[in-house]
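1. model this:
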Amino acid sequence: MHSSHTQKKDIGKFLKKSIKKEFTNNLPIPMAENCTYTKRNITNTVVFSISNNNFIEYSTKRLQDKKGFCPSGDTVFYHLNKLNENTVFSMFQQTNQTLLKQAKRQGVFDKHVWCGLDIHKIPWYGKKKGIFVLGMERARGTSFGHGYASLECVNPGGRFTLSALPLSQFTTKKRIISFLVNETRKHVDISRLFLDREFFNVESINMLEELSTLFVIPVKENKKISGMIKEFKQNCQKSFPPYETYYTLITNYMLKRGKDSATFTMVIVAESPGLPGDEWDVFAYATNIPVTQVNAVEIADSYRKRWGIETGYRVKENVRGKTCSPDYAIRLFLQLLSILLYNLWQLCNIILFITTCWCKKGYMIILEEFKDIISDSIIGP
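-> Reported below is the predicted structural model:
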């Protein structure tokens, strides 16, 4: 454990207040005045199941044993079944904006903010294939999944999910970029946006230009680009001294699709092998950042920070509720709740950093400890 007993107690109070004030109050479930249970009972049961890595169906029984007064699994799902995807997403946006405002007041986004945009898919095994079921690379025995796109801050010490968008079969790349960038700009100024090869296309690049967003995207090779990379690599091997580390080619490039086109700067960075016989490492990227021989390698290296998204996504998987329900609204609720809990974890650590003048690397409260504190705060009085 990284935090002291006093700190855990203070954080426990903060979490209890946050879950009650933000999560419960924004939960879009209509509850009759004569209901035996309240929205707070429903929220606490769901969050308790997440903090203990259990299915909701099982956690209700466990919470009943520990706390006594607690809704059954059937009662929880009776109320969760009232949700629809629109009200769930509205709840997420409202709650996430509150968390991000608190982070901003702590000075998290005062400096330049580098961000990464990515698409995440969660495997789906049901027989029903509605508009929210997407094709995906085969994983864990299925080629289908539910998905969302997110835009994340990749700065160390501030890795919050700044915006998210649930995806359907009709969601375009243009819609993803436009929505996420505009939502994020309500909280931070994006100084550099990293995207993966999936967004190396005319539609995405033109949308980024329209939004005046500085971007870095690895190129997806076609016949022409492959030829340029091969020729540059051969020239490097023949013409340049072996003691140099990096060689760069900077050129304007036009990407076409039918009658549409997008123009950008394409940069090829070749790194010489460390040992004789090793392969050259080549990275080619598209950007609208002003590039020179001085900063071409720095921009390429900065793209590596995007991998913070993958780490964040794996963490969110550890705070995503488990359920056998096939209802999309319930599954979306658990997906988006995982983002809110992740951001709340980040916020707790930021507050502790500031109040204790923490100067070491890593988190004061690791994720498992964070979940334990949540669980204890729900069970306690």
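2. in three-state terms, label residue 64 for me.
-> Look at residue 64: counting by DSSP: H, G, I helix; E, B strand; the rest coil, its state is helix.
3. which ones are touching it?
-> Contact analysis of residue 64 by Cβ atoms under 8 Å, 6 or more residues apart in numbering lists 70, 72. C-betas here are computed from N, CA, C, even on glycine.
4. list the buried ones in the helix or strand containing residue 136?
-> Here residue 136 sits within strand 134-139, counting by DSSP states H and E. Within strand 134-139, the residues scored as buried using 16 or more other Cβ atoms under 10 Å are 134, 136.
5. and if you look at stretch 195-212?
-> Within stretch 195-212, judged by 16+ other Cβ under 10 Å, the buried ones are 195, 196, 199, 200, 201, 202, 203, 204, 205, 206, 207, 208.
6. one more: stretch 150-161?
-> Using 16+ other Cβ under 10 Å as the test for burial, stretch 150-161 gives 150, 151, 152, 153, 154, 155, 158, 159, 160, 161.
7. ditto for stretch 162-172
-> Applying 16+ other Cβ under 10 Å to stretch 162-172 flags 162, 163, 164, 165, 166, 167, 171 as buried.
8. show me what the host helix or strand of residue 238 is packed up against.
-> With secondary structure defined by DSSP H and E, residue 238 is part of helix 223-239. For helix 223-239, the packing partners by 3 or more Cβ pairs under 8 Å, 6 or more residues apart in numbering; DSSP states H and E come out as strand 246-257, strand 260-271, strand 281-287.
9. looking at these, which is nearest to residue 191?
-> With Cβ to Cβ, the closest approach to residue 191 among the helices and strands packed on helix 223-239 belongs to strand 281-287: 13.1 Å.
10. quick one: closest of the helices and strands packed on helix 223-239 to residue 106.
-> The nearest among those, by Cβ to Cβ, is strand 281-287 at 31.2 Å.
11. now the angle between strand 260-271 and that closest one, please.
-> For strand 281-287 against strand 260-271, the angle by axes from the mean of the first three to the mean of the last three Cα atoms, to 10 degrees is 150 degrees.
12. got the buried residues for strand 281-287?
-> Residues of strand 281-287 classed as buried by neighbour count (16+ other Cβ under 10 Å): 283, 284, 285, 286, 287.
13. pLDDT on the helix or strand that that strand is followed by, on average?
-> Next along the chain after strand 281-287, taking DSSP H and E as the criterion, comes helix 296-302. Averaged across helix 296-302, pLDDT comes to 94.
14. using PDB, write out every CA atom in helix 296-302.
-> Taking C-alpha atoms only, helix 296-302 is exported to PDB below (Å, rounded to 0.1, in the frame of the first residue of the first chain):
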ATOM      1  CA  ALA A 296      11.600  15.900 -37.500                       C
ATOM      2  CA  VAL A 297      13.000  13.200 -35.200                       C
ATOM      3  CA  GLU A 298      11.500  14.900 -32.100                       C
ATOM      4  CA  ILE A 299       8.000  14.700 -33.600                       C
ATOM      5  CA  ALA A 300       8.500  11.100 -34.500                       C
ATOM      6  CA  ASP A 301       9.700  10.300 -30.900                       C
ATOM      7  CA  SER A 302       6.700  12.200 -29.500                       C
END
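15. list the helices and strands that helix packs on?
-> For helix 296-302, the elements it packs on are strand 246-257, strand 260-271, strand 281-287, judged by 3+ Cβ pairs under 8 Å, 6+ apart.
16. any chance of those strands in CSV, with distance to residue 57 too?
-> As requested, these are arranged in CSV below (distance: least, Cβ to Cβ, whole Å):
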stretch, distance to residue 57
strand 246-257, 48
strand 260-271, 49
strand 281-287, 47
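17. nearest to residue 47, of these?
-> Residue 47 lies closest to strand 281-287 among the helices and strands packed on helix 296-302, at 40.8 Å (Cβ to Cβ).
18. what strands flank the closest one, and is each parallel or antiparallel?
-> Strands that pair with strand 281-287, judged by DSSP bridges, come out as strand 215-218 (antiparallel), strand 260-271 (antiparallel).
19. could I get those in TSV, plus columns for mean neighbour count?
-> Output for those, formatted as TSV (neighbours: other Cβ atoms under 10 Å):
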stretch	mean neighbour count
strand 215-218	22
strand 260-271	19
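20. could you dump the ones you listed to JSON lines with distance to residue 87?
-> Listed next are the strands paired with strand 281-287 as JSON lines, based on distance: least, Cβ to Cβ, whole Å:
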{"stretch": "strand 215-218", "distance to residue 87": "33"}
{"stretch": "strand 260-271", "distance to residue 87": "37"}
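21. any idea how far stretch 130-137 is from the chain center?
-> For stretch 130-137, the separation from the chain centroid amounts to 19 Å (computed by Cα atoms, centre = their mean, to the nearest Å).
22. neighbouring contacts of that stretch?
-> By Cβ under 8 Å, 6+ apart, the residues outside stretch 130-137 that reach it are 85, 121, 123-124, 126, 143-147, 166-170, 328, 332.
23. in ChimeraX, select just the buried ones from those.
-> Selection of the buried residues among the contacts of stretch 130-137 in ChimeraX, burial being defined by 16+ other Cβ under 10 Å:
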select :121,124,144,145,146,147,166,167,328,332
